[in-house]
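J.: got a predicted structure plus its sequence, pasted below:
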Amino acid sequence: MAWMAWTLPTAIFFGVIASLLIIFTILAIKYPETPRVGILRIETTRGDRLFITLLGSAFINLIWLGLEVAPQPYALLACLVYAAAVFRWV
Amino acid sequence: MNKTVNQKAWFLVLPVLVLVAFSAVIPLMTVVNYSVQDTFGGQFFPLDDKLLWFREMLQDDRMWGALWRQLTFSGIILAIEIPLGIYIALNMPKSGFWASFCLVVMSLPLLIPWNVVGTIWQIFGRVDIGLLGYTLNKLGIDYNYTQDVFAAWVTVIVMDVWHWTSLVALLAYAGLQSIPNAYYQAAKIDQASRWAVFRYIELPKMAGVLMIAILLRFMDSFMIYTEPFVVTGGGPGSATTFLSIDLVKMALGQFDLGPAAAFSIMYFLVILLISWVFYTVMTNLDKRDGV
């Protein structure tokens, strides 16, 4: 694994994403997903909303960094707000 | 017909998952790891500011320059290929020998590998031996794609139009073929003009395939590498250095693995976003058509 040049932050990052995927898989088995149509006017399931959240969070972080809004960890707060909005309305 | 649900079928997907893990997921993870470290001579050094490369790339005029060139390029080729493709499809014979003939001829450019297309145009446009370059210069038009920015752009764009308009035309043609004759007969009874037939019958019926054509062409042109690399090599200067050409220069030319990794992650995110839009549009079109 040395050639992959792991660092602790990136390991945590991928660990969080992997556990999110596992949690959502278990959730999907226990409580089957029912697609619904939200403000994007497309059918989304729980997994779709997770994908939209993660992808959007990546862009939020980049914009946060590029515009130097505030120290980077605070971008995660914005992502949480975004995640809540996605799961509520999309 | 009742379909039986058997979730064990998911295990049949495992070989693909393993393959994708080794060909995509693990390399991608490695790129993410590279993007937060400094590399020198095969060794890795932690950065004080973990996000240094991202910060640097986001403030780098070179990357933004490549991005604007890329968007300009994609915009121009879409603005040419989509209307031209529709126009060709509208004028293709609907049936008989000539319809098949047209289809075969139209699909020829699509079958040629990218680097061969690049080589064809590289030679075609040369001033000393190329048919196009030599003729243009004999006609008194100053054309040299290795020195003139405008000529380089025209060459790259015409090359892409030559290579890919067929795809748009074939998709639009397929959309046109699916329109029942009754629509045209109704239009004739109403004495609708040619424009009205196009605007209210043909265009709405083609909307689905055109959406696919636009997204496909946008994605492909957004990731274009081989053709401009072979023809202009990104030059003159950096006039035709699009995103992937710039990325390869940074990663393999200068061996700046950290910044290049940060660059490729951002590039990947944009591609991922477009792919998601593409996928969503496709599945929704399928649902609407009831396929």
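T.: That came through fine. Since this is a predicted model, take the numbers as computed values, not measurements. Numbering: from 1, shown residues only, chains lettered A, B, ... in the order given.
J.: for chain A, what's the nearest residue on chain B?
T.: Using CB to the nearest CB, the closest approach of chain B to chain A is made by residue B:58 at 4.0 Å. Just so you know, the C-beta spots here come from the backbone N, C-alpha and C atoms, and that holds for glycine as well.
J.: for that residue, which non-adjacent residue is closest in space?
T.: Closest residue to residue B:58 apart from its sequence neighbours, by CB to CB, 6 or more residues apart in numbering or on different chains: residue A:66 at 4.0 Å.
J.: how many neighbours does that neighbour have?
T.: 14 (other CB atoms under 10 Å in any protein chain shown).
J.: contacting residues for the residue of chain B closest to chain A?
T.: If you count contacts by CB atoms under 8 Å, 6 or more residues apart in numbering or on different chains, residue B:58 has them with A:62, A:65-66, B:266.
J.: same question for residue B:267.
T.: Counting by CB under 8 Å, 6+ apart, residue B:267 has contacts B:243-244, B:247.
J.: again, 10 Å this time
T.: B:63, B:66-67, B:70, B:222-223, B:243-244, B:246-247, B:260 (CB atoms under 10 Å, 6 or more residues apart in numbering or on different chains).
J.: compare these and tell me which has the most neighbours.
T.: Going by other CB under 10 Å, residue B:260 tops the contacts of residue B:267 with 26 neighbours.
J.: would that residue count as being in a strand?
T.: No - secondary structure of residue B:260 (DSSP: H, G, I helix; E, B strand; the rest coil): helix, not part of a strand.
J.: chain A: strands as residue ranges?
T.: A:36-37, A:43-44 (DSSP state E).
J.: highest mean neighbour count out of these?
T.: The highest mean neighbour count among the strands of chain A, using mean count of other CB atoms under 10 Å in any protein chain shown, belongs to strand A:43-44: a mean of 18.
J.: now check that one, is it near chain B?
T.: Yes - against chain B, strand A:43-44 shows contacts by CB under 10 Å from any CB of the partner chain at A:43-44.
J.: can you list the weak-confidence ranges in the chain?
T.: I went with chain A, as the question did not name one. Judged against pLDDT under 70, chain A has no low-scoring part.
J.: let's do chain B instead
T.: For chain B, the ranges with pLDDT under 70 are B:1, B:289-291.
J.: what residues of the helix or strand encompassing residue B:77 count as buried?
T.: Element membership of residue B:77 [criterion: DSSP states H and E] is helix B:61-91. By 16 or more other CB atoms under 10 Å in any protein chain shown, the buried positions in helix B:61-91 come out as B:63, B:66-67, B:69-70, B:73-74, B:76-78, B:80-82, B:85-86, B:88-89.
J.: do the same with stretch A:4-20
T.: Going by 16+ other CB under 10 Å, stretch A:4-20 has these buried residues: A:4-7, A:10, A:14.
J.: can you pull the contacts of the residue nearest the centre of chain A?
T.: Central residue of chain A (CA atoms, centre = their mean): residue A:54, 2.5 Å from the mean position. Residues near residue A:54 by CB under 10 Å, 6+ apart: A:17, A:20-21, A:79, A:83, A:86, B:272.
J.: what about the nearest residue to residue B:245 once chain neighbours are set aside, is that helix, strand or coil?
T.: In space, and not counting its chain neighbours, residue B:245 is closest to residue B:234: 4.5 Å by CB to CB, 6+ apart. Secondary structure, three-state DSSP: residue B:234 is coil.
J.: can you count the residues close to residue B:234?
T.: Neighbour number of residue B:234 under other CB under 10 Å is 21.
J.: pretty sure it sits against residue B:227.
T.: No - under the criterion of CB atoms under 10 Å, residue B:234 is not in contact with residue B:227, lying 11.6 Å apart.
J.: between those two, what contacts are shared?
T.: residue B:242.
J.: do you know how far the residue nearest to residue B:58 is from residue B:51?
T.: 11 Å (CB to CB, to the nearest Å).
J.: got it, and residue B:121?
T.: 41 Å.
J.: more neighbours: which of the two?
T.: A side-by-side neighbour count of residue B:121 and residue B:51, using other CB under 10 Å, places residue B:121 first with 25 against 16.
J.: which residues does the residue in chain A that chain B sits nearest to contact?
T.: Relative to chain B, the nearest point of chain A is residue A:66 (4.0 Å; CB to the nearest CB). Residues near residue A:66 by CB under 10 Å, 6+ apart: B:54-55, B:57-59, B:266.
J.: which among those residues end up buried?
T.: B:54-55, B:57-58, B:266.
J.: how about those residues, which pair is most distant?
T.: B:55 and B:266 (11.9 Å; CB to CB).
J.: sketch out the helices for the stretch 151-291 of chain B, chain order is fine.
T.: B:181-189, B:194-197, B:203-222, B:226-231, B:243-248, B:257-289 (DSSP state H, counting those that start in this stretch).
J.: and for the stretch 1-150 of chain B?
T.: Using DSSP H, counting those that start in this stretch, helices in the stretch 1-150 of chain B cover B:14-20, B:26-34, B:52-58, B:61-91, B:97-111, B:114-124, B:131-138, B:149-177.
J.: distance to residue B:6 added to the ones you listed, as CSV?
T.: Below are these laid out as CSV (distance: least, CB to CB, whole Å):
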stretch, distance to residue B:6
helix B:14-20, 15
helix B:26-34, 30
helix B:52-58, 45
helix B:61-91, 43
helix B:97-111, 39
helix B:114-124, 42
helix B:131-138, 59
helix B:149-177, 35
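J.: so which residues on the stretch 51-200 of chain B come close to chain A?
T.: B:51, B:54-55, B:57-59.
J.: one more time with 7 Å
T.: B:51, B:54-55, B:58 (CB under 7 Å from any CB of the partner chain).
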